[in-house]
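# Sequence first, predicted coordinates after that:
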Amino acid sequence: MIKISLLVCSALGCLIGYYAFSLFSLWVSCVFAIVLFVYPLSHYCQDIGVGFRSALAATVVIPFGLGLVLGAVSGTAARKPFSPGLPPEKIRSVEGILLDDPRAGGSGGLANVRVFAAGADGLPGCGNVRASATGTALVFFPDSSIPRLKEFGRGGELFVEGAFSPSAEKRYGKPVFSARSVHLVKPASRPEQFRTAARLSLIGTLSSLNPGGLAAALLLGSRDGLDKSLERSYRDAGLSHVLALSGMHLSFFSGLLAFFLKRPLGKKAAAFAGLLFIVVFVFIAGPMPGLVRSAIMYAVGVWAILLDMPKFTVVFLGAAFLFQIVFDPASGLSLSFMLSYAALAGLLLLGKKFAFLMRGRVPRPLADALSASLGAFIAAAPLAAAFFGELRPGGIVSGLVVVPLTSLFMLASLLFLVYGGFFPLAAVKILSFLELVIAKTVSAAALIPGIKTPFFPALALSLSLATFVFFAEKRLRLYRSRLESFD
């Protein structure tokens, strides 16, 4: 219980510090955290090992205060404004490092670029100038430059000519630079070049199939070849998380590895081999927030297995949140990051309670799957309402069918990568049939209407349902324990 309190309380403090306190003042949050930290610490030092106060200080208040400081500092760093060094309306070129793989968007492509210099023309008394810049901008590239950019790879240095788009900045929540021409200045490092070549090779192999777009999206997170109507159906059905590389995909891969390696290698060696595979997979697929979260949790779980420590998934989730927020503060502002953590927290905290309430009324496999969907939906509902203005409850039920079908499709895609050269026609037919079934199922689920709602009603509904589930589960557990003791 002490270990749970330390990490969970630190993660909770970090959550509040990152999303709430850093919005107002770093100094205010630090002072508040110091008060929480110093006062109990003084009593803890005086009464160490004695009484309730010292235990409360050591396991709850002090970790919470430290987490609050970490969250406030990380939140302030993540919200550091973009500084181009020159008037944005005068800037005609930027230089920077490509931070991710260019992806399709509109008539061209887009990617995040860490800008370190900007050039402007027409400044009074100066003419053309170049200045240092700091921050990240979303760059829209012309269609003709995308193939070369993909080959050039993440981590390469670019010189881009164009202009900033203030109207697009409001939509994307970050500076947006519309490129007119792109010049490749310096290639990426050797590991990044290897990673880009491996990723493009796998995407090319999968693209040779008719359903290759779906396979590339599910295995590598590349949606460039994915049918847009199918992607829209996933979104309308409330199943966008199935396409986003996350814990579901890593669970699939790690489950396959455990199945094949546990008996010949043993539990610990198989877990370590699985960790190595996941590190390579995340490196090739890219550091997507949900994928990184799952990889960190898996790494902490492997560490617990190697040291024969108790395994608490909630603790793993708290450790992953602390690690990501501290080492990659900007990731916490992305919607995929927030949805990933909210959904898993709901699954862990509410899912088991729903399953307990359904016990004896619903078949066990169906109860487990349905309770997990309900828990994730309730926790993520406020975020969905805030960003999309509606809830898609149809995904709770449709996910029970689509997720197993998607897992089967991923397995077939992996078998194609390994054995497809021996049975190409059979592989294409099987994958095409599975994609057709998935597309029909998702399209049918997309017909279920959504519920239009703003943020605060959705938040109130989620809190009410969570409170009801907690109390109902507690009362039912107490009632059943009395019956068991009576018998």
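Cool, the structure landed. All values reported here derive from a predicted model rather than from experimental measurement. Residues are numbered from 1 along each chain as shown.

# going forward, measure contacts and count neighbours with C-alpha atoms only.
OK.

# max-length strand in this protein?
strand 108-123 (DSSP state E).

# Adjacent strands (with direction) for that strand?
Applying DSSP bridges to the sheet, strand 108-123 is found paired with strand 91-98 (antiparallel), strand 103-105 (antiparallel), strand 127-132 (antiparallel), strand 136-141 (antiparallel).

# What does the pLDDT read for residue 332?
Looking at residue 332, its pLDDT stands at 87.

# residues touching the closest residue to it other than its chain neighbours, list them.
In space, and not counting its chain neighbours, residue 332 is closest to residue 325: 6.3 Å by C-alpha to C-alpha, 6 or more residues apart in numbering. Applying C-alpha atoms under 8 Å, 6 or more residues apart in numbering, we find residue 325 in contact with 71, 74, 331, 332.

# Next secondary structure element downstream of the particular helix or strand that has residue 325 in it?
Using DSSP states H and E, residue 325 maps to helix 313-327. Per DSSP H and E, helix 313-327 leads on to helix 335-346 as the next helix or strand towards the C-terminus.

# What's the PyMOL line that selects buried ones from the contacts of residue 325?
In PyMOL syntax, the buried subset of the contacts of residue 325 is picked out as below (16 or more other C-alpha atoms under 10 Å):
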select buried, resi 71+74+331+332
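
# and which of the contacts of residue 325 is nearest residue 88?
Nearest to residue 88 among the contacts of residue 325, counting by C-alpha to C-alpha, is residue 331 at 24.7 Å.

# Please name the residues that touch that closest one.
So residue 331 contacts 289, 324, 325, 337 (C-alpha under 8 Å, 6+ apart).

# let's see 6 Å
The contact partners of residue 331, taken as C-alpha atoms under 6 Å, 6 or more residues apart in numbering, number zero.

# hmm, back to that, look up how far residue 71 lies from the residue nearest to residue 332.
If you measure residue 325 against residue 71 using C-alpha to C-alpha, to the nearest Å, the figure is 7 Å.

# Then residue 102?
30 Å.

# So which residue is dead centre in the protein?
Nearest to the geometric centre of the chain sits residue 290, at 2.2 Å (C-alpha atoms, centre = their mean).

# hang on, isn't that residue packed against residue 339?
No. Residue 290 is beyond contact range of residue 339, at 8.5 Å (criterion: C-alpha atoms under 6 Å).

# In the chain, where is pLDDT below threshold?
For the chain, residues meeting the criterion pLDDT under 70 lie at 1-5, 21-60, 105-107, 122-127, 209-212, 245-248, 419-425, 427, 483-487.

# Could you chop it up by domain?
2-78, 88-188, 200-477 (automatic domain parsing).

# Just put the ones you listed in CSV and tack on distance to residue 194.
As requested, the domains of the chain are exported to CSV (distance: least, C-alpha to C-alpha, whole Å):
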stretch, distance to residue 194
domain 2-78, 30
domain 88-188, 9
domain 200-477, 9
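
# Could you identify which of those domains is most buried?
Among the domains of the chain, domain 2-78 has the highest mean neighbour count (mean count of other C-alpha atoms under 10 Å), at a mean of 20.

# For the stretch 151-300 of the chain, which segments count as strands?
For the stretch 151-300 of the chain, applying DSSP state E, counting those that start in this stretch gives strands covering 157-164, 176-186.

# could you redo the ones you listed as CSV and give each row distance to residue 466?
As requested, the strands of the stretch 151-300 of the chain are arranged in CSV below (distance: least, C-alpha to C-alpha, whole Å):
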stretch, distance to residue 466
strand 157-164, 44
strand 176-186, 39
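
# for those strands, which one sits closest to residue 135?
With C-alpha to C-alpha as the measure, strand 176-186 is the member of the strands of the stretch 151-300 of the chain nearest residue 135 (11.8 Å).

# residues making contact with that closest one?
137-141, 156-165, 169.

# Let's see that with 8 Å instead.
Here strand 176-186 has contacts from 137-142, 145, 152, 156-166, 168-169, using C-alpha under 8 Å, 6+ apart.

# any idea how far the residue nearest to residue 332 is from residue 74?
On the measure of C-alpha to C-alpha, residue 325 and residue 74 end up 6 Å apart.

# Any chance of a markdown table for the contacts of residue 325, columns distance to residue 205?
Listed next are the contacts of residue 325 as a markdown table, based on distance: C-alpha to C-alpha, whole Å:
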| residue | distance to residue 205 |
| --- | --- |
| 71 | 43 |
| 74 | 40 |
| 331 | 31 |
| 332 | 34 |
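
# Looking at the contacts of residue 325, which two lie furthest apart in space?
Farthest apart among the contacts of residue 325 by C-alpha to C-alpha are 71 and 331. That separation is 12.8 Å.

# I'd assumed residue 229 was in contact with residue 214.
No. Applying C-alpha atoms under 8 Å as the test, residue 214 and residue 229 come out as separate, 11.8 Å apart.

# How about residue 338: what's its closest non-neighbour residue?
residue 332 (6.8 Å).

# Contact partners for that neighbour?
Going by C-alpha under 8 Å, 6+ apart, the list of residues near residue 332 reads 78, 324, 325, 338.

# What values do phi and psi take at residue 389?
The phi and psi values for residue 389, taken as degrees, to the nearest 10, are phi 80, psi 10.

# show me what contacts it?
452, 453, 454, 455.

# next one: residue 392
So residue 392 contacts 236, 237, 238, 448, 449, 450, 451 (C-alpha under 8 Å, 6+ apart).

# hang on, the earlier thing: possible to save the strands paired with strand 108-123 as JSON lines with distance to residue 251?
Formatted as JSON lines, the strands paired with strand 108-123 follow (distance: least, C-alpha to C-alpha, whole Å):
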{"stretch": "strand 91-98", "distance to residue 251": "30"}
{"stretch": "strand 103-105", "distance to residue 251": "25"}
{"stretch": "strand 127-132", "distance to residue 251": "44"}
{"stretch": "strand 136-141", "distance to residue 251": "31"}
